[in-house]
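In: Build me a structure from this.
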Amino acid sequence: MDKISAMKPSNTSVLLIYTGGTIGMFENPETGALENFDFEQLQKQVPELQKFPISIDSYQFNPPIDSSDMNPDAWRKIVKVVSDNYDRYTGFVVLHGTDTMAYTASALSFMLEDLGKPVILTGSQLPIGVLRTDGKENLITSIEIAAACHPDGRPMVPEVCVLFENHLMRGNRTTKLNAENFNAFRSYNYPHLAEIGIHIKYDFMQIHREKTPLRLHPHYLLDTNVAILKLFPGIQENVVDAILSIPGLKAVVLETYGSGNAPLSEWFLSRLRRATQEGMVIVNVTQCSAGSVEMERYETGYYLQQVGVVSGYDTTTESAVTKLMFLLGHNYAPEEVRRLMQKPIAGEITL
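Out: As a prediction, the model looks like this:
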């Protein structure tokens, strides 16, 4: 583990966890090729880190993982690093590729039960060594938030969050919406936890906080027998049947239209009914970026309820997928998984 020698040592400290991604890439001045994270190189590229009156340490995945290759084993590794170092640091900053950041943030929100310290995920659209990079500001702001405490010592934001382009968002409410702009992430169905301008303005009404500090309970059990079924006009019976018939499949995130609507074709409803009767958990989420599933609103939603499909309310697909992995990993019975999918356990849905 590398360490920056703080100019003004204090009891406040932050651990940077580099998993991979664009933010940790540096251009070799001789070859022009992009090379992976090196903490000494990071200090040269971001000399502002030396101005923090705190201790900053780093932990590096070796080898780094491209965001597209992120998987539950890597989530477990992040949880282990946070858990093993939980009492040593004020907060944690996870440097991560953008493509799957919302999945990782969602998974960590469930796996780090009773979290009482900040775990801030951030990244960049351009490597941190590039002149116009967005990585420098994202990194500096994430460290500042991870280290921020109230006068009584309580962390400002004891949650898993995503920090990107001047917005601090609840991790399990985010989704990546843009591959080109610096403003790559949105939290459509939940207010931002903080806005970053000249000052960092926290919205304490929206930040989760336990009345009594609890001990962190890390979880490592995940079951990946989950699939996503996105509806579209003209979807064929054999396509739906092929997905629902996958050997070992235990749960499906059903991406429906609007406020939770789907075809009323007899074959479609019949196939869903058979799957739920056989113990499969099917969760209804909307394809829309914003809004909530309201299965009581239209006839189509009512029929989905009748065949055993449960509402995901305003959860994101990323959150629904990782929450199902988490619940199935703990061997809950299908009925209990259905019940918990309709209940917020980490602030992921609004009822």
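
In: how does this protein divide into domains?
Out: 2-218, 226-341 (automatic domain parsing).

In: Lowest mean pLDDT across those domains, which one is that?
Out: Mean pLDDT values for those show the minimum at domain 2-218, a mean of 86.

In: Quick check: the gap between Thr286 and Gly260.
Out: Using Cβ to Cβ, to the nearest Å, we find Thr286 at a distance of 6 Å from Gly260. C-beta coordinates here come from the backbone N, C-alpha and C atoms, glycine included.

In: Would you check how far apart the most centrally placed residue in the chain and Asn178 are?
Out: Central residue of the chain (Cα atoms, centre = their mean): Ala105, 2.0 Å from the mean position. To Asn178, Ala105 is 17 Å away according to Cβ to Cβ.

In: Could you do Met325 as well?
Out: 26 Å.

In: And what about Leu254, helix, strand or coil?
Out: Assigned by DSSP: H, G, I helix; E, B strand; the rest coil, the conformation of Leu254 is strand.

In: for it, what are its contacts?
Out: The contact partners of Leu254, by Cβ atoms under 8 Å, 6 or more residues apart in numbering, come to 229, 231, 262, 282-285, 309.

In: List only buried entries from those.
Out: 229, 231, 262, 282-285, 309 (16 or more other Cβ atoms under 10 Å).

In: Tell me which of Thr286 and Gly260 has more neighbours.
Out: Comparing Thr286 with Gly260 by other Cβ atoms under 10 Å, the one with more neighbours is Gly260, at 29 against 24.

In: That one is in contact with Gln287, isn't it?
Out: No: counting by Cβ atoms under 8 Å, Gly260 does not reach Gln287; the two are 10.0 Å apart.

In: circling back to that earlier point, same list, the buried ones among the contacts of Leu254, but as CSV with secondary structure and distance to Phe185 please.
Out: CSV is the format used below for the buried ones among the contacts of Leu254 (DSSP: H, G, I helix; E, B strand; the rest coil; distance: Cβ to Cβ, whole Å):
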residue, secondary structure, distance to Phe185
Leu229, strand, 25
Leu231, coil, 25
Ala262, coil, 28
Ile282, strand, 28
Val283, strand, 23
Asn284, strand, 24
Val285, strand, 18
Val309, coil, 29
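
In: export these to TSV and tack on distance to Ser245?
Out: Shown next, in TSV, are those (distance: Cβ to Cβ, whole Å):
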residue	distance to Ser245
Leu229	12
Leu231	17
Ala262	19
Ile282	14
Val283	18
Asn284	20
Val285	21
Val309	17
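
In: Go through those and name the one nearest His192.
Out: Proximity of the buried ones among the contacts of Leu254 to His192 (Cβ to Cβ) peaks at Val285, which lies at 21.6 Å.

In: who's that closest one bridged to?
Out: Under the criterion DSSP bridges, Val285 forms beta bridges with Glu255.

In: Since that was my last question, I'll sign off now.
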